[in-house]
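Undergrad: Okay, sequence plus prediction incoming.
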Amino acid sequence: MSMGIDWALWRSFLLVADTGSLSAAARALGLTQPTVGRHIDTLEALVGQTLFLRTPQGLSLTEAAALLVPEARAMQLTAESLGRRASSAPEAGVGTLRIAASHVVGAEVLPVALAPLLAENRGLSIELALSNDSADLLRREADLAIRMVRPSQGSLVARRLGPVPIGLFAHQAYLARAGRPATSEDLTGHVLIGPDADPSALAGFDVFGAALGPRHLRLRTDSEAAQIASIRAGLGIGPMQSGVAARDPMLEPVLPGAVNWTLDAWLVLHDDLRRLPMLRLLADHLSAVLPVLLRSGQMPAQPAAT
């Protein structure tokens, strides 16, 4: 069956699928509940099948409707990307860009990096999509990404930002209370903070060999932000990007000569968008400031001209 695409109908479909409620979807869309209900009725008539089942817990997707969600989600991402492009002026520094990054980079690094850029370009707006899962730039989930793994897709352009050192750190109050370990073996007597189930993060503890491993961790969470908050609270010793730790004078490195990891950071963007003046402005700025900021925690003396 051939049918025209009415994005308003599919947008209502996705919100009802996400919330399980006509009223919640209506609030999110700024519409009335009867209007969203009519959207669903119209869509069901167009596709010729029931999309939602009424249950005591709310509305749930039918099996047929669940198969439509991925395509509708892709259409949503494309519509959002189109909206950002359409609202952007031809000149650099005017419009909206979306950056994908990890929770730690988004919360601890990008605010510092973006401050001078937003101060000098009052027409520029930034959206941060924070997740430890790699955003799929090919599906337009973001315009630019900061990643610790180089992408393999040929349609993406990657600029290496340089090494990101990671070490063990602790709050001065914890070290004053529990003592400072002199060797990696001494760590077994301390409260250690680290990942829970993330295999790539757990692999970092291989540097200690059999003497110290994930089983010795006394606070486990795959949230790097929670790990950092626990270290700052004086709970124990844990891994942190050295640049992030350097901005907190109360944090001290633990076994700095014996324990360190290094990751490579990459700035990733679409090949077909890299000539967009606004995106080039952002990419050039981040390429200039992030190598120093990620390594040392400090902005370069002379950030990129904007």
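TA: The structure has been received and is ready for your questions.
Undergrad: C-alpha from now on. contacts and neighbour counts both.
TA: Will do.
Undergrad: What segments of the stretch 201-306 of the chain are strands?
TA: Taking DSSP state E, counting those that start in this stretch to define them, one finds strands in the stretch 201-306 of the chain at 219-220, 238-241, 251-254, 261-270.
Undergrad: Ok, the stretch 51-200 of the chain next?
TA: Listed from the start of the chain, the stretch 51-200 of the chain has strands (DSSP E, counting those that start in this stretch) covering 52-55, 58-61, 94-101, 123-130, 144-147, 156-171, 193-194.
Undergrad: Quick one: closest of the ones you listed to Arg295.
TA: strand 156-171 (5.5 Å; C-alpha to C-alpha).
Undergrad: partners of that closest one in the sheet?
TA: strand 238-241 (antiparallel), strand 251-254 (antiparallel), strand 261-270 (antiparallel) (DSSP bridges).
Undergrad: any chance of these in TSV, with distance to Leu161 too?
TA: Below are the strands paired with strand 156-171 laid out as TSV (distance: least, C-alpha to C-alpha, whole Å):
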stretch	distance to Leu161
strand 238-241	15
strand 251-254	24
strand 261-270	5
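Undergrad: Reformat the ones you listed as JSON lines; add mean neighbour count, distance to Arg54 and mean pLDDT.
TA: Putting the strands paired with strand 156-171 into JSON lines (neighbours: other C-alpha atoms under 10 Å; distance: least, C-alpha to C-alpha, whole Å; pLDDT from 0 to 100) gives the following:
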{"stretch": "strand 238-241", "mean neighbour count": "25", "distance to Arg54": "47", "mean pLDDT": "93"}
{"stretch": "strand 251-254", "mean neighbour count": "20", "distance to Arg54": "54", "mean pLDDT": "96"}
{"stretch": "strand 261-270", "mean neighbour count": "20", "distance to Arg54": "42", "mean pLDDT": "89"}
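Undergrad: the inter-axis angle of the longest helix seen in the chain versus strand 123-130?
TA: Scanning the chain for the longest helix, with DSSP state H as the assignment, gives helix 63-86. Angle, helix 63-86 to strand 123-130, by axes from the mean of the first three to the mean of the last three C-alpha atoms, to 10 degrees: 150 degrees.
Undergrad: what stretches of the chain score poorly on pLDDT?
TA: The chain contains residues with pLDDT under 70 at 1-5, 80-93, 133-140, 153-155, 205-213, 272-275, 302-306.
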